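Participant: Return atomic coordinates for the entry below.
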Amino acid sequence: MFREMRRQKQQLSPERTEAILQTATCGVLAVSGDDGYPYAVPLSFVYAEGKLYFHSAKAGHKIDAIQRQPKASFCIIDQDQIVPDEYTTYYRSVIAFGQIRLLQTEEEKRHAITLLAKKYFPNDTVSHREESINHSYAPVLMLEMAIEHVTGKEAIELVRGQNA
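Facilitator: Numbers count the residues shown, from 1 in each chain. This next block holds a predicted model:
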């Protein structure tokens, strides 16, 4: 169903790919937008239990697109080092494919928003985290992307160890 990577030598190991999912702070979600146009939006996220979680407003272009078609991709750029004298970039990226759903139960929503809060403010106290979540909880929608396929890739120069 999903294509194999054409340049196999540049494919990251599953462990390295997962490490990027764990540590990256931003990515771009791509969905099927209005009138068949792709719609891509940068988002904060958290990766846990083989899934990606995002927060969102309850209405808008992204939500309309997801409700029409839950299939999506999410791209993370882990490294993008421009090397002018070689006319290239030393890049490292991950792309995940999956289906998104809007979390419905309070338990699911609370779990996802807590994971997100812990990622972006790991040293926060439990009481302050709960207070902050409760303060902004009502207008927030939480999304879950169940990953069906994921690959990581890096520039051949990184594979060769020129600039690890």
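
Participant: list the contacts for Ala24?
Facilitator: Taking CB atoms under 8 Å, 6 or more residues apart in numbering, we find Ala24 in contact with 45, 76, 78, 94. Glycine gets a C-beta too; all of them are placed from N, C-alpha and C.

Participant: Give the buried subset of the residues you listed as a PyMOL selection command.
Facilitator: The buried residues among those can be selected in PyMOL (16 or more other CB atoms under 10 Å) with this line:
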select buried, resi 45+76+78+94
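
Participant: which residues of the chain score low on pLDDT?
Facilitator: For the chain, applying pLDDT under 70 flags the ranges 162-164.

Participant: which residue of it sits farthest from its center?
Facilitator: Distance from the C-alpha centroid of the chain, by CA atoms, centre = their mean, peaks at Asp85 (31.8 Å).

Participant: Tell me the secondary structure of that one, please.
Facilitator: Remark: Asp85 carries the secondary structure label helix [criterion: DSSP: H, G, I helix; E, B strand; the rest coil].

Participant: and Gln81, how many residues sit next to it?
Facilitator: For Gln81, the number of neighbouring residues by other CB atoms under 10 Å comes to 13.

Participant: going forward, begin numbering at 345 instead of 1
Facilitator: Sure thing, new numbering starts at 345, so read that last one as Gln425.

Participant: give the contact list for the closest residue to it other than its chain neighbours.
Facilitator: The shortest distance from Gln425 to any non-neighbouring residue, by CB to CB, 6 or more residues apart in numbering, is to Tyr434 (4.3 Å). Contacts here follow CB under 8 Å, 6+ apart; on that basis Tyr434 touches 423-425, 427, 498-499, 501-502, 506-507.

Participant: Inside strands: which ones of those?
Facilitator: Of the contacts of Tyr434, the ones assigned to strands by DSSP state E are 423-425, 427, 498.

Participant: got a winner among those residues for most neighbours?
Facilitator: Highest neighbour count within the ones in strands among the contacts of Tyr434: Glu498, with 22 neighbours (other CB under 10 Å).

Participant: Which residue is the nearest non-sequential neighbour of it?
Facilitator: Take Glu498 and drop its neighbours on the chain: the residue closest to it by CB to CB, 6+ apart is Arg436, 4.2 Å away.

Participant: Could you do Ala374 as well?
Facilitator: With CB to CB, 6+ apart as the criterion, Ala374 has its nearest non-adjacent residue at 4.3 Å, and that residue is Ala384.

Participant: what sits against the one you found?
Facilitator: Listed by CB under 8 Å, 6+ apart, the contact partners of Ala384 are 372-375.
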